[in-house]
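what would the 3D arrangement of this be:
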Amino acid sequence: MSVTSIPAEDPPSSEQTHAVARATAVVALGNISSRVLGLAREVILSNLFGASAAVDAFKVAIIVPRGLYDLLIGGHVNSALVPVLSDYADNKDGQLWQLLSALLNLIVIIMATLVIIIELSATQIILLVADDETAPAVIDEAIRLLRITSPALFFLSLFAVMSSLLYAMRRFTLPAFAASAFNLTIVIVTAAFASQIGITAAAVGWLLGAVVQMALQWIGLRGTGGHWRLIFWHPAIKTVVLLYIPVMFSLTIDVLINRLFSYNLALSTGEGSISYMDWATTLMQFPQGLVATAISIVVLPTLSRQVAQLENFKSTLGLGLRLTLALIIPAAVGLMVLATPIVALIFEHGEFTVYDTAHTSLALRLYLIGLPFAAIDLLLVFAFYARQDTVTPAVIGLLSLVAYMVTALYLLPYYSFFALMIADSVKHLIHASVSAWLLMRRIGWLRGQQIIQTAMQAVLASAIMGVIAALLLVVLRSTFSDHTLLNELIIVVGAGGISGILYFAIVNWLGLAEIRLFVETIRQRFQ
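Got it, this is the predicted structure:
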């Protein structure tokens with residue numbers, strides 16, 4: 001397993017900047033493979049079942065274990081576990097594995113109990129998510145599928161703790177590719193058994209995928225020099241709990257109010273709305289995972305070690321923000337212009353119709369309005385977490401959630417379920433703005449980091465790229481007018497590839513060093 005180490009004591013020199021770029025490239029490549037396989041998963045679902053009640057039932061069934069995972073465990077990785085585990089990363093006196101063992105043992109007991117409760121209460125849980133009068137065709141199937149997917153919560157939780165330790169030790173490879181293994185398992189199982197057991201195959205794949213990605217993390221931990229112990233307490237667990245209480249509050253609001261609110265509103269607008277929303281989210285999360293998540297995961301352990309060295313902390317944060325802006329802005333613009341041909345290429349086969357393409361494309365474009373703000377916000381939130389401040393992001397999250405719900409309810413009569421995408425962009429705009437203002441008040445403005453200059457260069461180059469992509473799209477569509485898979489591929493690759501190369505040429509001419517460094521790093525990894 002490759003390990004990328006990022007020095008933490010000094011401000012980002014050229015060598016350290018390369019280290020961040022190398023680690024970011026590893027996580028980004030992992031995210032690329034994960035997103036591609038995630039798209040393959042959605043393509044299989046759309047081709048085999050279309051925008052149907054069966055797919056809606058599967059989506060409803062997995063939001064329960066996924067939501068509980070996010071609520072009880074998932075937030076630990078970024079908010080509490082990585083900063084705390086980073087303090088023990090040197091593994092002095094075996095404390096690191098004592099802490100890990102205590103965490104794993106507690107997780108086993110808690111999650112096993114919770115899975116049993118879900119199995120026994122599946123009907124009541126599903127009825128909280130979906131109204132049986134609004135979508136009766138979805139309810140019975142979702143209850144049955146939930147009983148298959150709920151044990152995944154157990155394995156997802158163990159995975160989260162193990163991967164957080166690998167991140168804290170700055171071992172990024174196996175955690176980065178864990179989601180790829182998860183999605184690949186779903187793809188294989190669904191493709192192999194859908195003809196025999198229908199949508200149940202996707203649920204079984206989801207459970208097996210959770211097992212596979214957990215096993216990968218355990219393999220990675222075998223080389224850390226420690227071993228599991230049967231203990232249930234460590235002093236650092238108190239710190240983790242205190243850090244996580246605010247996060248759990250905000251996640252409770254998100255899981256029990258925001259998600260239920262969103263899915264109920266989507267269901268009330270008609271069959272297929274949840275599927276359109278999730279397919280658009282899948283495409284939007286591709287650049288989010290490739291850029292924002294990758295960079296944030298890489299810099300979090302280093303930021304956690306630099307809290308007492310303010311200038312170093314600000315330099316690392318500035319580097320992360322510049323990389324994020326230089327990559328996420330062109331990604332958002334490119335997806336905005338090419339939304340329809342991309343959706344058609346990926347999804348418009350089998351039961352997926354032109355009507356479905358139009359709805360999914362519009363949902364995607366509305367999500368993309370908020371993508372740059374969401375990407376910046378993630379890094380800012382991680383900066384709060386590195387300072388072991390989980391209260392501030394929780395309060396900001398509550399404020400932005402209120403804005404989301406008010407916007408969605410106000411716009412729903414006018415824009416149907418598309419109001420949810422608009423509201424989501426408003427939420428990210430508010431969250432990012434307030435996070436930046438509060439963080440800068442505490443650490444000081446990032447003077448000398450060239451954040452604004454980088455943003456302006458990226459916006460200028462992206463605007464030119466977008467115009468060229470739109471023109472290329474017109475030319476290629478008229479040339480390759482037949483709706484075949486090959487022609488659709490030529491249109492997307494041609495317009496996207498040429499305009500993307502143009503973007504890199506422009507920013508290179510403008511002197512945007514972060515892009516040149518990132519591209520060079522990825523190129524070196526393939527040599």
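
from Leu476, how far off is Ala201?
In this view, Ala201 and Leu476 are 37 Å apart by CB to CB, to the nearest Å. Every C-beta, even on glycine, is put in place using the N, C-alpha and C of the backbone.

more neighbours: these two, which one.
Between Ala201 and Leu476, Ala201 has the larger neighbour count (other CB atoms under 10 Å), namely 22 against 19.

report the contact partners of that one.
Taking CB atoms under 8 Å, 6 or more residues apart in numbering as the criterion, Ala201 is in contact with 189-190, 192-194.

and for it, nearest residue in space, chain neighbours not counted?
Closest residue to Ala201 apart from its sequence neighbours, by CB to CB, 6 or more residues apart in numbering: Phe193 at 3.9 Å.

the one you found: how many residues sit nearby?
Phe193: 15 neighbours (other CB under 10 Å).

just the element for it, please.
Using DSSP states H and E, Phe193 sits within helix 173-197.

and what of Trp233?
Applying DSSP H and E, one finds Trp233 in no helix or strand.

what's near enough to touch it?
Ala102.

please apply the same query to Leu158.
Here Leu158 is in contact with 104, 107-108, 111, 214, 217 (CB under 8 Å, 6+ apart).

got the residue ranges for the helices in the stretch 201-350 of the chain?
Assigned by DSSP state H, counting those that start in this stretch, the helices in the stretch 201-350 of the chain fall at 235-253, 260-268, 273-287, 294-305, 310-347.

dump those into CSV; add mean pLDDT as well.
Compiled in CSV, the helices of the stretch 201-350 of the chain are given as follows (pLDDT from 0 to 100):
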stretch, mean pLDDT
helix 235-253, 80
helix 260-268, 80
helix 273-287, 84
helix 294-305, 77
helix 310-347, 90
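
for Leu420, find the nearest of these.
Relative to Leu420, the nearest member of these by CB to CB is helix 260-268, separated by 5.7 Å.

how about low-confidence regions in the stretch 1-150 of the chain?
Within the stretch 1-150 of the chain, the segments meeting pLDDT under 70 span 1-22, 51, 71-79, 89-94, 129-137.

so the residue nearest to Ala201 touches Val204, yeah?
Yes. When contacts are counted by CB atoms under 8 Å, Phe193 is listed as touching Val204 (7.1 Å).

could you give the number of residues near the residue nearest to Leu364 when sequence neighbours are not counted?
With sequence-adjacent residues excluded and distances taken as CB to CB, 6+ apart, Leu364 is closest to Ala280, at 4.1 Å. The tally of other residues near Ala280 (other CB under 10 Å) stands at 24.

measure Ala280 to Gln95 for me?
In terms of CB to CB, Ala280 sits 45 Å off from Gln95.

same thing with Gly209?
From Gly209 over to Gln95 (counting by CB to CB), the distance is 33 Å.

what does Ile342 give?
49 Å.

the two - which one has more neighbours?
Neighbour count, other CB under 10 Å: between Ile342 and Gln95, Ile342 has more, with 24 against 16.

would you agree the more buried one is in contact with Leu335?
Yes. Shown here, Ile342 and Leu335 form a contact pair, counting by CB under 8 Å, at 7.0 Å.

which neighbours do the two share?
In contact with both Ile342 and Leu335: Leu283, using CB under 8 Å, 6+ apart.

and Phe347, what does it touch?
So Phe347 contacts 42-43, 46, 279, 356-357, 360 (CB under 8 Å, 6+ apart).

again but with Leu429, I slipped
Here Leu429 is in contact with 370, 373 (CB under 8 Å, 6+ apart).
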